[in-house]
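[1] A predicted structure for the sequence below; I have some questions about it.
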Amino acid sequence: MIHYFKFLICSGLGLAALVSSAESLEQHAHSHGAVTLNVALEGQVLSLEIDAPAINVLGFEKSPRNDAERQAVAAVDTWLSAGRDIAGVPRAAECRLQSVTYVAPKLGSGHADYRPRYTFRCANPAALEWVELWALRRFKDVEKVEVNVISASMQRQDTLAPGSLRVSLK
C-alpha cells in the first residue's frame, strides 16, 4: 500500500516522477500470487507499471538450474524489455510505446520481483476508456490482481475479478 501512495504522489507531480526510486520499491511486500499494476494517464502519456513476484512470472524465483529454466528467464527478459503484448487500449486512442524501463531481477535463494515500466504516447487520449492488461495472460498462479489507476479526473484502486484483464479509465 505504501508503494501505491508513492505512486499517487509521484503521478500528481508528473509522469516523469512516476519512476520511483529503488528505495521505495524495496518497501513493497512480496506476496506470491499477488500482482500489482499501476496505471497513470496524464495528458497524452499513459504509464503502466507491473509489480509481480518472479514465481508468478517464471514459475520459480531461484537461480535457474537447467537449460529449460535458463530459456524461460531469457524469454521473459526479452518479452518484458521489448514492451510488446503487455497491454491493449482502444485503437482510436492511437497509443505508441515510447519507452521501457526494465531491469531483470536477481534470481537466487531469496525472493525476486519483476517491476517493468512502460510509457506510451497517445495521440487521442480522450479515446482511452480502458486498458487491457495482456501481460496477465502469461503470468502463472495469480490469485489477486490489484490495479491502481490515476488520471486528472480520478484516483482509485480496483481488484480484478479472476480472468479479467480490462480496467476502466473513466
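    Structure's in. What do you need?
[2] Report the next helix or strand after the lowest-mean-pLDDT helix or strand in the chain in sequence order.
    In the chain, the helix or strand scored least confidently by mean pLDDT, DSSP states H and E is helix 22-26, which has a mean of 36. Sequence-wise, the next helix or strand downstream of helix 22-26 (DSSP states H and E) is strand 34-42.
[3] Within the helices and strands, which one has the spatially most central residue of the chain?
    By C-alpha atoms, centre = their mean, the mean C-alpha position of the chain lies nearest to Ile50, the distance being 1.8 Å. Here Ile50 sits within strand 45-53, counting by DSSP H and E.
[4] Kindly report the same for Ala75.
    Counting by DSSP H and E, Ala75 is part of helix 67-82.
[5] Name the residues of that helix that are buried.
    By neighbour count on 16 or more other C-beta atoms under 10 Å, the buried set for helix 67-82 is 69, 72-73, 76-77, 79-80. All C-beta spots, glycine's among them, are computed from the backbone N, C-alpha and C.
[6] I figured Glu49 hits Asn38, correct?
    Yes. Counting by C-beta atoms under 8 Å, Glu49 does reach Asn38; the two are 4.1 Å apart.
[7] Between those two, tell me which one has more neighbours.
    Asn38 (25 against 22; other C-beta atoms under 10 Å).
[8] That one and Val147, how far apart?
    Between Asn38 and Val147 the distance is 8 Å, computed by C-beta to C-beta, to the nearest Å.
[9] which intervals of this structure have sub-threshold pLDDT?
    1-30, 32 (pLDDT under 70).
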